[in-house]
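J.: sequence first, predicted coordinates after that:
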Amino acid sequence: MSNIWGRREVREIFRREKGLWELREGLSSRIGELDALLRAERDRGGAQPDPEREALVARAFEELEKARETLRHSHRRRQPAAHLAVAQAHYDTAHSLMLRLVPLERIGAMLPGLLAFVREHLTVSDERRVQTEQIALSVLAGGALDDAQRQILVDATSVARQAHLKENLRVRSFTQIVYGISGVLAVVVVLVGVVGALAPRMVPLCFEPQGVGVVCATGSAPAESRLPGQDVDDVFAEVASRWDYAVVLFVGMVAAAIAAAASLRRIRGSSTPYNVPVALAMLKLPTGALTAVLGLLLMRGEFVPGLQSLDSSAQIIAWAVIFGYAQQLFTRFVDTQAQTVLNSVGGPSATPAKQPKEPQVPPS
């Protein structure tokens, strides 16, 4: 009975640990902090009941509870990263409601953080960002906030949060596209390997160098074994093995794995819950296997002058390694796009914001 309970406990732990545990716990701690601030703000209310204020507080607590419920992974059919995005959306709504509740002097204390977040996710020409910067300059000059300025700050912060969510969703969409293409290419690799094993004589990976005979990926035949008047395709069919395609595909995949490991040095990490480098590595593996096969077929068809006659099986395998690694020529564009998508997510890698100009006072 204890063993059964232990297995259930382990499965429950793995289910709850699914996804980026650090991001989930960090968001959970921020939810607890905001909950404490809202409770303190609710208890700070005046003696006279304010129905509008009480409605905002109740709604904020509802959003926090929805965020907690989402982090518990109660929706098992959803991806863990999607739970984080939904929980973050509920948390952002509760935080916006809190900004509408706190006194104006506390908004002034929060202004540097709000301004930094708005600058991080809104463009320099965005009117909401421009007004937020003007309000910050006014407060630094000794001015006092009013309710209209509070509304501008809340709206600008809400739009910045929506932009931040769209940035993360863009990374998620890109990652899913890369995984989908990788899956399709993997199916193609399997089909090529199966067809090559079942019908090795259909398109043999063989060459006929002068004076050597017939050379395939896993076998060879001397020139003396060829009968007088025998067609070269018939000789290829006799020497070809069902393991030729499998070996070339495997070697190309290994070379692509090395290229993937080398290319990761140019990919910067990201705090998003979507693992873009892994998706890129998964794309390179089937691509390398296919480029190895296609490259050898092009050489066999004398597409590259001077490289159509390989002398041994070792040379065929060596060129399979080269062609498998050469998939980097095609996937480097995907690597560049991946880095562009990651850079679009606000953070330290974002373009620094331009400093706002001091407001000019017209001459009296």
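T.: Okay, I see it. Numbers count the residues shown, from 1 in each chain.

J.: might one say that Val345 is in contact with Asn168?
T.: Yes - with contact defined as CB atoms under 8 Å, Val345 and Asn168 form a contacting pair (6.5 Å). (C-beta placed from N, C-alpha, C; glycine too.)

J.: where does pLDDT dip in the stretch 1-150 of the chain?
T.: Scanning the stretch 1-150 of the chain for pLDDT under 70 picks out the ranges 1-20, 45-49, 73-81.

J.: show me the helices in it, by range?
T.: 2-16, 21-43, 51-71, 80-101, 104-121, 127-140, 147-198 (DSSP state H, counting those that start in this stretch).

J.: in stretch 90-108, what's buried?
T.: Across stretch 90-108, burial judged by 16 or more other CB atoms under 10 Å covers 90-99, 101-102, 107-108.

J.: return the distance of that stretch from the chain's centre.
T.: 32 Å (CA atoms, centre = their mean, to the nearest Å).

J.: and what of stretch 163-170?
T.: Relative to the centre of its chain, stretch 163-170 is centred 12 Å away, using CA atoms, centre = their mean.

J.: before we move on, what SS does Val345 have?
T.: coil (DSSP: H, G, I helix; E, B strand; the rest coil).

J.: could you give the number of residues near the nearest residue to it once chain neighbours are set aside?
T.: Leaving aside its sequence neighbours, Val345 sits nearest to Glu167 (CB to CB, 6 or more residues apart in numbering; 4.5 Å). Per other CB atoms under 10 Å, the neighbour tally for Glu167 reads 20.

J.: repeat that for Cys206.
T.: Neighbourhood size, Cys206 [other CB under 10 Å]: 29.

J.: quick one: residues contacting it.
T.: 214-217, 236, 239-240, 244, 300 (CB atoms under 8 Å, 6 or more residues apart in numbering).

J.: equivalent analysis for Ser241, please.
T.: For Ser241, the contact set (CB under 8 Å, 6+ apart) comprises 200, 216-219.

J.: let's go with 6 Å and repeat that
T.: By CB atoms under 6 Å, 6 or more residues apart in numbering, the residues touching Ser241 are 200, 218-219.

J.: just Lys166 next, same as before
T.: Per CB under 6 Å, 6+ apart, neighbours of Lys166: none.

J.: what of Ala186?
T.: Here Ala186 is in contact with Pro286 (CB under 6 Å, 6+ apart).
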